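>>> Structure of the sequence below:
(4 chains)
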Protein chains: 2
Amino acid sequence: MTRYLRLDRRPLYAQARDRLLKLIQEGSFRPGDRLPSEFQLAEQLGISRATLREALRLLEDEGRIVRRQGVGTFVAPNQHLESGLERLESVLALAARQGMETRVQGLSIDAVEADRWLAERLQVDRGSPLTQVRRTILVEETPVAYLEDWVLTGWLSPSALDDTFNGSVLDFLRRQPGFHIQEAVADISAVPASRSLAQRLGVRPGSALLLLEETLFNASGTPIGFSRNYFVPERFRFHVVRR
Amino acid sequence: MTRYLRLDRRPLYAQARDRLLKLIQEGSFRPGDRLPSEFQLAEQLGISRATLREALRLLEDEGRIVRRQGVGTFVAPNQHLESGLERLESVLALAARQGMETRVQGLSIDAVEADRWLAERLQVDRGSPLTQVRRTILVEETPVAYLEDWVLTGWLSPSALDDTFNGSVLDFLRRQPGFHIQEAVADISAVPASRSLAQRLGVRPGSALLLLEETLFNASGTPIGFSRNYFVPERFRFHVVRR
DNA sequence: TATACTTTAAATGTCAGACATCCGTACATC
DNA sequence: GATGTACGGATGTCTGACATTTAAAGTATA
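Next up is the predicted model:
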């Protein structure tokens, strides 16, 4: 019997975390403010105190709130520190969060085979079938990034990319029910722009580009995909919150 | 009345988190293993299930464990993913962890005044006194990075840098009792090497360098210092674990 | 034998209420 | 003014129960 009506299938503590975060971000609670007591807050959100505390524990670990026994729970003073690269988020979502309107150009989707480099990164045999997705990201009609993705065909086939595909492989994979990307490891480097990259990105050949090479893993630690992302540093910047 | 004997003054959930982490790291529980049920684990650690759950929630958020309702709690399979830039750690410590032996060259420590750029970054008035630390980092006698730090004199005066200073401002600040750096925000970018940088780092002028610009904050969110770090990407690479 | 459905046990998720401990304030005391 | 003390309210912790989900065992069916 279903006792509680749920639109969202995720656990309550995760939903509560997001609802609280939203309240903080939208300014209902300002930095430095004291939140209502756990008792009141739990009542307000319609959940038990135990569940609320799990949500608060997450927000505390993320540095969004500070708790002091006997005193209260406060919104962390430095909310200006928006999370950055350390949160797994697509380039498009990252850009959107910074207020940039993006457009995808020159999208190409192909079935390819893993070369030695990719095979090693994805821990599969050479020649394994991959779905390759390449495109340029524009902001206000100016190229800011060139993205290349390779995903094991078992997780994503070229034909699966329908019109719900907005240009982000990560977002698309995450929308698939049943499994989800757990984490990624991104290597950060800087490279000079090759002739073809320079042309795609509208910069001088040899100018410095930011290179992000990223392997995506699922919950069991199995590699699912690999991305190579080139950014024009003057037009797209990253930050990382370090703790 | 003290009902429970505590050696450690920190909350139980924090202690439990650390004890569990230790068990994982020391190999009592191996990657992929299922942990005992929450019932058993709580009993084993001598705490209640509610408290244990707060500890587990933290470990889950950190990616150390994976929980599946109806199934169990597992040690995350990919413990091999060493943490990267998202952990606040000095360049020297980072290098050491990757097995590189570093040497500091051309160390210069000066008392300077904040220019407009630094004043804005550190949220102080223009002309405020700063301690400036500059040096080149070598690995096997090859330059890999050029680091510049500016710290508010109130937190670090030029004369305070004694012989316990190993080249890392962050490590030094952290050794000071009474307060500690809480977190930092690092901006990541790529720039062409200027003539003087190229000379210091032994690369061709105009070659692509990785630039990390980082503001250090204390627990109350007050800026304490700013760093500008240039890296030769072929000789020093970063990665970020994204969740 | 192979397949589909049902049952069941065990794990995490959630709830409710109670008591413990800590902290800031107000007030009394010196 | 400094110091001690009582009090209210907040987070920290415990207990025991029920809800929901999952994997696997068991059963019926083709």
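
>>> all strands for chain A, in order.
A:65-68, A:72-75, A:102-113, A:129-139, A:142-152, A:181-192, A:208-218, A:223-231, A:238-242 (DSSP state E).

>>> ok and the residue in chain A nearest DNA strand C?
Here chain A gets closest to DNA strand C at one residue, A:Gly70, 2.4 Å apart by Cβ to the nearest atom of the strand. Just so you know, the C-beta spots here come from the backbone N, C-alpha and C atoms, and that holds for glycine as well.

>>> Spit out the contact partners of that residue.
Not one residue lies near A:Gly70 by Cβ atoms under 8 Å, 6 or more residues apart in numbering or on different chains.

>>> And it, its phi and psi?
phi 80, psi -10 (degrees, to the nearest 10).

>>> Could you measure from it over to chain B?
Taking Cβ to the nearest Cβ, to the nearest Å as the measure, A:Gly70 falls 12 Å from chain B.

>>> Is the worst-scoring helix or strand of chain A on mean pLDDT in proximity to chain B?
Lowest on mean pLDDT, DSSP states H and E among the helices and strands of chain A sits helix A:169-175, with a mean of 82. No. Helix A:169-175 lies out of reach of chain B by Cβ under 8 Å from any Cβ of the partner chain, never closer than 9.9 Å.

>>> For that helix, buried residues please.
Residues A:Val169, A:Leu170, A:Asp171, A:Phe172, A:Leu173 are the ones in helix A:169-175 that count as buried (16 or more other Cβ atoms under 10 Å in any protein chain shown).

>>> Of those, which is the nearest to B:Thr136?
A:Leu170 (37.8 Å; Cβ to Cβ).

>>> wait, what's in contact with the residue lying closest to the closest one once chain neighbours are set aside?
Leaving aside its sequence neighbours, A:Leu170 sits nearest to A:Ser90 (Cβ to Cβ, 6 or more residues apart in numbering or on different chains; 4.3 Å). Listed by Cβ under 8 Å, 6+ apart, the contact set of A:Ser90 reads A:Ser168, A:Val169, A:Leu170, A:Asp171.

>>> one more time with 10 Å
A:Ala96, A:Leu147, A:Asn166, A:Gly167, A:Ser168, A:Val169, A:Leu170, A:Asp171, A:Phe172, A:Leu173, A:Arg174, A:Ser227 (Cβ atoms under 10 Å, 6 or more residues apart in numbering or on different chains).

>>> Quick check: most distant residue from the centroid of chain A.
What lies farthest from the middle of chain A is A:Gly70; by Cα atoms, centre = their mean that is 36.4 Å.

>>> what about the nearest residue to A:Arg228 once chain neighbours are set aside, neighbour count?
Spatially, and ignoring its direct neighbours in sequence, A:Arg228 is nearest to A:Glu148 (4.6 Å; Cβ to Cβ, 6+ apart). Residues lying near A:Glu148 (other Cβ atoms under 10 Å in any protein chain shown) number 16.

>>> got it, and A:Arg116?
Using other Cβ under 10 Å: A:Arg116 sits among 9 other residues.

>>> just the one 4 residues further on next, same as before
The burial count assigned to A:Glu120 is 13, neighbours taken as other Cβ under 10 Å.

>>> Can you name the residues bridging to the residue nearest to A:Arg228?
A:Arg134, A:Arg228 (DSSP bridges).

>>> From the centroid of chain A, which residue is nearest?
A:Glu89 (0.7 Å).

>>> and that one, what does it touch?
Contacts of A:Glu89 (Cβ under 10 Å, 6+ apart): A:Ser83, A:Ala95, A:Ala96, A:Arg97, A:Ser168, A:Leu170, A:Asp171, A:Ala184, B:Arg242.

>>> which phi and psi does it have?
Per degrees, to the nearest 10, the backbone of A:Glu89 is at phi -150, psi 150.

>>> what residues does chain A put near DNA strand C?
Within chain A, the positions near DNA strand C by Cβ under 7 Å from any atom of the strand are A:4, A:11-13, A:46-51, A:54, A:68-71.

>>> Of the residues you listed, which ones also sit close to DNA strand D?
Okay, of the residues of chain A next to DNA strand C touching DNA strand D (Cβ under 7 Å from any atom of the strand), that's A:Tyr4, A:Arg49, A:Ala50, A:Arg68, A:Gln69, A:Gly70, A:Val71.

>>> Can you pull the poorly scored residue ranges out of chain A?
A:1-8, A:78-82, A:176-181 (pLDDT under 70).

>>> make it 50
In the prediction, chain A carries residues with pLDDT under 50 at positions A:1-6.

>>> tell me the contacts of A:Val232?
By Cβ under 10 Å, 6+ apart, the neighbours of A:Val232 are A:137, A:139, A:142-146, A:193, A:197, A:201-203, A:207-210, B:190.

>>> Whichever of these end up buried, select them in ChimeraX.
Buried residues within the contacts of A:Val232, by 16+ other Cβ under 10 Å, are selected in ChimeraX with:
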select /A:137,139,143,144,145,146,193,197,201,203,207,208,209,210 /B:190
